[in-house]
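K.L.:
turn this into a structure:
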Amino acid sequence: MLKKISALFPLWAIIFSIICYLQPSLVVDLKGWIIPLLILIMFCMGITLKVEDFKRVLKKPKIIALAVSLQFLIMPLAAFIVSKSFNLSTELLVGMVLVGAVSGGTASNVIAYLAKADVALSITMTIVSTLLSILITPYLTLIFVGQTVPVPAFNMLLSILKIVFVPVVIGIVLNHFFHKFIEKRHDFFAFLSIIAIVFIIGIIIGINQSKISSLALSLMLAIMFHNIIGLTLGYYITKFMGYDKKSCKTVAIEVGMQNSGLAVVLAMKYFTPLSALPGAIFSIWHNISGSIIAGYWAKKE
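P.N.:
As a prediction, this is how the structure comes out:
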């Protein structure tokens, strides 16, 4: 029963998104729930993983290097080209480039889990890209925007430690000691994750309702194209390099889904509120597109 409900989670995400857009008052006061819900999802992921999964991943440095390289090469360049193609203003172009120049976000780990991709690989890629972004993001913004921005390294690492590392480790430890009990309840943990991600998407849409309603079609299309380019090239370049389907899915999700929250923070601090709009909308769109593609891939599995 839970499997059937879980298989329809892109539909639940879209329905709940529409409800939250039409009635934002239902969720605007739940903004503080986003991080606890992310922590819950990471715990649900961790409880299905073993230490051996990470040992296996660390034996594959080439695919980690490939994913991170694609992320920092494709996403900022695609953001720049798409922005120019849609004749976006300089402020919006800056925001788009910032989205492309930052590291992968924790949302990619969630979608990798729901898509039945390689979760351990996804988490490792996010951590590596986050560490590298401390050096790479300022230079990418300098190249494409003409201004460098300092990346809040300590805050980012602290955030990953709190939201990703600790709940995943707790889950792995519990799985180690209660493996037989937990193995029979994988569907339940997947269902919990789906409920959590649907709520997160709804809350993000509710608190950004006014921005969405005033959004120009050109910006929305630019954001959608940017995300789709990352997902598509991430998948097919990895496939061209000879990797299996599971690895292709993982890299596609990691490349296509960015730490848009960081892009918003950097835009607000070093540029203008308008430059923060692409990051805010990207955070909504990539969760919806990620949910749809995860549902499709999970169903195929």
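K.L.:
got the buried residues for stretch 264-277?
P.N.:
Using 16 or more other C-beta atoms under 10 Å as the test for burial, stretch 264-277 gives 264-267, 270-271, 275-277. For every residue, glycine as well, the C-beta is placed using N, CA and C.
K.L.:
so where's the stretch 51-200 of the chain shaky on pLDDT?
P.N.:
147-153, 156-157, 160 (pLDDT under 70).
K.L.:
can you pull out the helices in it?
P.N.:
51-58, 61-85, 90-101, 106-114, 119-145, 153-160, 166-177, 179-183, 186-207 (DSSP state H, counting those that start in this stretch).
K.L.:
can you say which of those is nearest to G32?
P.N.:
helix 186-207 (9.4 Å; C-beta to C-beta).
K.L.:
same for the closest one, what does it pack against?
P.N.:
Here helix 186-207 touches helix 2-7, helix 9-22, helix 34-46, helix 106-114, helix 277-300, going by 3 or more C-beta pairs under 8 Å, 6 or more residues apart in numbering; DSSP states H and E.
K.L.:
which parts of the longest one are buried?
P.N.:
The neighbour-count criterion (16+ other C-beta under 10 Å) identifies 277-295, 297-298 as the buried residues of helix 277-300.
K.L.:
tell me the residue furthest from the middle of the protein?
P.N.:
In the chain, the residue that sits farthest from the middle, by C-alpha atoms, centre = their mean, is K180; the gap is 30.7 Å.
K.L.:
hmm, back to that, the helices and strands packed on helix 186-207 into CSV, with extra columns for distance to A222?
P.N.:
Supplementary listing: those in CSV, determined by distance: least, C-beta to C-beta, whole Å:
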stretch, distance to A222
helix 2-7, 31
helix 9-22, 20
helix 34-46, 25
helix 106-114, 20
helix 277-300, 8
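K.L.:
out of those helices, which gets nearest to T141?
P.N.:
Nearest to T141, of the helices and strands packed on helix 186-207 and by C-beta to C-beta, is helix 277-300 at 12.9 Å.
K.L.:
could you find the closest non-adjacent residue to I281?
P.N.:
Distances taken as C-beta to C-beta, 6 or more residues apart in numbering place I223 nearest to I281, at 5.3 Å, with adjacent residues excluded.
K.L.:
check which helix or strand covers the one you found.
P.N.:
Using DSSP states H and E, I223 sits in helix 217-240.
K.L.:
which helices and strands sit right next to that helix?
P.N.:
helix 61-85, helix 90-101, helix 245-256, helix 277-300.
K.L.:
mind checking which of these is nearest C44?
P.N.:
It's helix 277-300; of those, that one is closest to C44 (C-beta to C-beta) at 14.2 Å.
K.L.:
output the closest one as PDB, nothing but the C-alphas.
P.N.:
This file holds the C-alpha atoms of helix 277-300, laid out as PDB (Å, rounded to 0.1, in the frame of the first residue of the first chain):
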ATOM      1  CA  LEU A 277      14.900  36.000  -7.200                       C
ATOM      2  CA  PRO A 278      16.400  33.300  -9.500                       C
ATOM      3  CA  GLY A 279      17.800  31.400  -6.500                       C
ATOM      4  CA  ALA A 280      14.400  31.600  -4.700                       C
ATOM      5  CA  ILE A 281      12.500  30.400  -7.700                       C
ATOM      6  CA  PHE A 282      15.100  27.700  -8.600                       C
ATOM      7  CA  SER A 283      14.700  26.300  -5.100                       C
ATOM      8  CA  ILE A 284      11.000  25.700  -5.800                       C
ATOM      9  CA  TRP A 285      11.400  24.500  -9.400                       C
ATOM     10  CA  HIS A 286      14.300  22.000  -8.800                       C
ATOM     11  CA  ASN A 287      12.300  20.300  -6.000                       C
ATOM     12  CA  ILE A 288       9.300  20.000  -8.300                       C
ATOM     13  CA  SER A 289      11.300  18.800 -11.300                       C
ATOM     14  CA  GLY A 290      13.400  16.600  -9.100                       C
ATOM     15  CA  SER A 291      10.300  15.000  -7.600                       C
ATOM     16  CA  ILE A 292       8.800  14.300 -11.000                       C
ATOM     17  CA  ILE A 293      12.000  12.700 -12.400                       C
ATOM     18  CA  ALA A 294      12.600  10.800  -9.200                       C
ATOM     19  CA  GLY A 295       9.100   9.400  -9.400                       C
ATOM     20  CA  TYR A 296       9.600   8.400 -13.000                       C
ATOM     21  CA  TRP A 297      13.000   6.700 -12.300                       C
ATOM     22  CA  ALA A 298      11.700   5.000  -9.100                       C
ATOM     23  CA  LYS A 299       8.700   3.600 -11.000                       C
ATOM     24  CA  LYS A 300      11.000   2.300 -13.800                       C
END
